[in-house]
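*Asks:* Return atomic coordinates for the entry below.
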Amino acid sequence: MTWRSVMISRPATLRREKFALLIEQEQTARVPFEDIAVIVLNHREITLTHSVLSACGEYGIGLFATGPNHHPNGVFMPFLPHSRGTRMLRLQLDLGRPAAKRAWQSIIQAKIGNQAECLKLTDNFGAERLESLARRVRSGDPDNLESQASGLYFHALFGNSFHRGQPLWINAALDYGYTVFRAAVARGLVAHGFLPAFGLFHASEQNAFNLADDMIEPFRPLVDLHVFKNRIGHDVDELQPADKAALVSLLNVDMVMPRGTMSALTAIEQAIESLARIYEGGSAELLELPQLIGLAAHQYEC
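*Replies:* Numbering: from 1, shown residues only. The predicted model follows:
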């Protein structure tokens, strides 16, 4: 099971040595490819060999580049030889609207439920109202309770004057964290044979990751919780390298899934596995989605 997220924020040369990634800086670090899920290139003076790119495709690793603002602006997604790729594409195209709407209902209920839990964990008011909204979400969310919940939630979490368009550290951190999780979800979808452009709810013709934007929703409150806990002391809207590393590390934070407690990255993989069962004719009740429990890092057995 892959689990490491590697973020490189200083000049480096990346090479492949058999089954491992070599990160050459003042000292050389060696990381087995089979342990890596995500690599983030966060410095303009990083060079890498073709064999590293090939290894990323071979081991199913998502490789992300950042732009001048240090936000991810490009991704190398593995083109895995998935045995069910063509079949999964047909299933995606043939999925009926009732099944897609029921799955979206489950996703939004889980998202609002995690938003309520975030308010509880941060000692903010409003969790009960969000829990009430979650119970009222219907198939396809025709009442747009997701939007209503988000408006209540962000004001309860960050104050009544807060809105997502402000040039604040909070928004920069939220954007960066969401981008990391969106990319991790997209990587998992490709690994399981999905074409991310075909979503359950999101359907923009200009978006190559509609399905990733669907599946990320219940994971967003994990980013929100981290940002709330670390928002004090930031007078500018720019993220520091330590801020970005901490946001990438959220992939290793524990969440609860129906099969137990696991890292967010593993939860993403299991959520996508359960999504595949829906496309294969299973009930929307089979969709396994995460529950927020805090910010404790997952403890891996040696």
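
*Asks:* Helices along the stretch 201-302 of the chain, start to end?
*Replies:* With DSSP state H, counting those that start in this stretch, the ranges of helices along the stretch 201-302 of the chain come out as 210-215, 220-229, 241-248, 264-279.

*Asks:* what's the neighbour count on R138?
*Replies:* 12 (other C-beta atoms under 10 Å). All C-beta spots, glycine's among them, are computed from the backbone N, C-alpha and C.

*Asks:* Against F228, how distant is the residue nearest to it when sequence neighbours are not counted?
*Replies:* Distances taken as C-beta to C-beta, 6 or more residues apart in numbering place Q105 nearest to R138, at 6.5 Å, with adjacent residues excluded. In this structure, Q105 and F228 are 27 Å apart, going by C-beta to C-beta, to the nearest Å.

*Asks:* Same question for G67.
*Replies:* 26 Å.

*Asks:* Looking at those two, which is more packed in?
*Replies:* Neighbours were counted for G67 and for F228 using other C-beta under 10 Å; F228 has more, 20 against 10.

*Asks:* before we move on, back to that, checking the residue nearest to R138 next. Helix, strand or coil?
*Replies:* helix (DSSP: H, G, I helix; E, B strand; the rest coil).

*Asks:* which residues touch it?
*Replies:* Contact partners of Q105, counting by C-beta atoms under 8 Å, 6 or more residues apart in numbering, are 137-141, 284.

*Asks:* May I see the buried residues of stretch 56-69?
*Replies:* Buried residues in stretch 56-69, counted by 16 or more other C-beta atoms under 10 Å: 56, 59-64, 66.

*Asks:* Now do it: everything it contacts.
*Replies:* 2, 33-34, 36-42, 53, 55, 72-80, 180, 183-184, 186-187, 191.

*Asks:* Helices of the stretch 1-150 of the chain, start to end?
*Replies:* Taking DSSP H, counting those that start in this stretch as the criterion, the stretch 1-150 of the chain contains helices spanning 50-59, 85-94, 97-121, 127-136, 145-158.

*Asks:* as a whole number, average confidence for stretch 86-101?
*Replies:* Throughout stretch 86-101, pLDDT has a mean value of 85.

*Asks:* One more: stretch 238-258?
*Replies:* 91.

*Asks:* for this protein, where's the lowest mean pLDDT among helices and strands?
*Replies:* When the helices and strands of the chain are scored by mean pLDDT, DSSP states H and E, strand 72-76 comes last with a mean of 74.
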